[in-house]
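*Asks:* Provided below are the primary sequence and the corresponding predicted coordinates.
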Amino acid sequence: MKILKFIIAPALLLLLLQSSGCPHYNFTGGRADLTDTVTVSVMTFTNSAPLTKTTFPQTFSEAMRDGIQHQTRCKMVPKNGDLNFEGSVTGYTVTPIAVQGGGNNTTALNRLTVTVNVIYTDNVNEKYSFESTFTRYADFPSSQNLSAVEDQLLKDISDQLVQDILNRSINAW
C-alpha cells in the first residue's frame with residue numbers, strides 16, 4: 001500500500017502540473033517553441049576591430065550557421081528569419097599573460113582574445129531578443145608565432161563563442 005502512494009502521488013502531481021499550464025520543457029535544453037517550421041538567418045558579421053584576421057568575420061558567421069544547423073531543427077534562410085543573428089567583431093587582441101622567471105623575464109604564454117557584439121532578434125518570442133557582447137580567448141606559447149597557430153585558435157574561440165550565443169538565444173539559458 002505504501003508503494004502505491006509513492007507511485008500514484010507523483011503521477012497525480014505531474015498531471016496537475018501539466019494541466020495547470022506549466023510550460024513545456026524538453027530535455028535537450030532547447031526552447032519548446034522552436035519547431036522545424038521556425039526559420040533562422042545569420043547575417044555576415046562585420047569587422048569593427050582594429051586588428052583582425054581579414055577572413056575571421058566570414059568564418060565566424062559560417063560557424064554560427066553550422067552551429068545552428070547542428071543543434072536545432074530550425075530551417076536556415078538567407079535573411080529575414082523568424083530568428084535573426086547579426087553583429088560585428090569588436091575586439092581582437094593578443095596579450096602576454098605569463099612571465100617566465102629568471103633574469104630576463106620573458107613571456108611564456110600569449111592570449112588571443114576575440115569579442116563579438118551580437119544583435120539577436122527573436123520574432124517567435126520577443127522576450128528572448130537581445131544585444132550583447134561575448135568574449136572568449138585561447139592561450140598559446142610565446143615561442144610560437146601567432147600566424148602559425150591563429151587558424152586553430154580562432155576555430156576554438158569561434159566554437160566557444162557560438163555555444164555561448166546559442167545558449168543565450170536558442171537554448172534560453
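*Replies:* In hand now; what should we look at? Residues are numbered from 1 along each chain as shown.

*Asks:* and Leu153, how many neighbours does it have?
*Replies:* Using other Cβ atoms under 10 Å, Leu153 is surrounded by 21 other residues. Yep, even glycine has a C-beta here, placed from its N, CA and C like the rest.

*Asks:* whoops, I mixed them up, Gln152
*Replies:* By the measure other Cβ under 10 Å, the count of residues near Gln152 is 11.

*Asks:* try Ser88
*Replies:* Neighbours of Ser88 using other Cβ under 10 Å come to 18.

*Asks:* which elements pack onto whatever helix or strand it lives in?
*Replies:* Taking DSSP states H and E as the definition, Ser88 sits inside strand 83-99. Strand 83-99 sits against strand 39-42, strand 46-47, helix 56-71, strand 107-122, strand 130-141, with contacts defined as 3 or more Cβ pairs under 8 Å, 6 or more residues apart in numbering; DSSP states H and E.

*Asks:* buried ones in it?
*Replies:* Within strand 83-99, the residues scored as buried using 16 or more other Cβ atoms under 10 Å are 83-92, 94.

*Asks:* list the strands paired with it, with their directions.
*Replies:* Partners of strand 83-99 in the sheet, by DSSP bridges, are strand 39-42 (parallel), strand 46-47 (parallel), strand 107-122 (antiparallel).

*Asks:* chain neighbours aside, what residue packs nearest to Ala49?
*Replies:* Tyr92 (4.1 Å; Cβ to Cβ, 6 or more residues apart in numbering).

*Asks:* return the set of residues that bridge with the residue lying closest to Gly87 once chain neighbours are set aside.
*Replies:* Closest residue to Gly87 apart from its sequence neighbours, by Cβ to Cβ, 6+ apart: Val118 at 4.2 Å. In this entry, Val118 is beta-bridged to Gly87, Ser132, by DSSP bridges.

*Asks:* Val118 and Leu83, how far apart?
*Replies:* Separation of Val118 from Leu83 (Cβ to Cβ, to the nearest Å) stands at 12 Å.

*Asks:* okay, and the common contacts of those two?
*Replies:* Here Val118 and Leu83 share no contacting residue, scored by Cβ atoms under 8 Å, 6 or more residues apart in numbering.

*Asks:* ok, residues contacting stretch 120-132?
*Replies:* Counting by Cβ under 8 Å, 6+ apart, 31, 33-34, 38, 81-85, 117-119, 165, 168-169, 172 sit against stretch 120-132.
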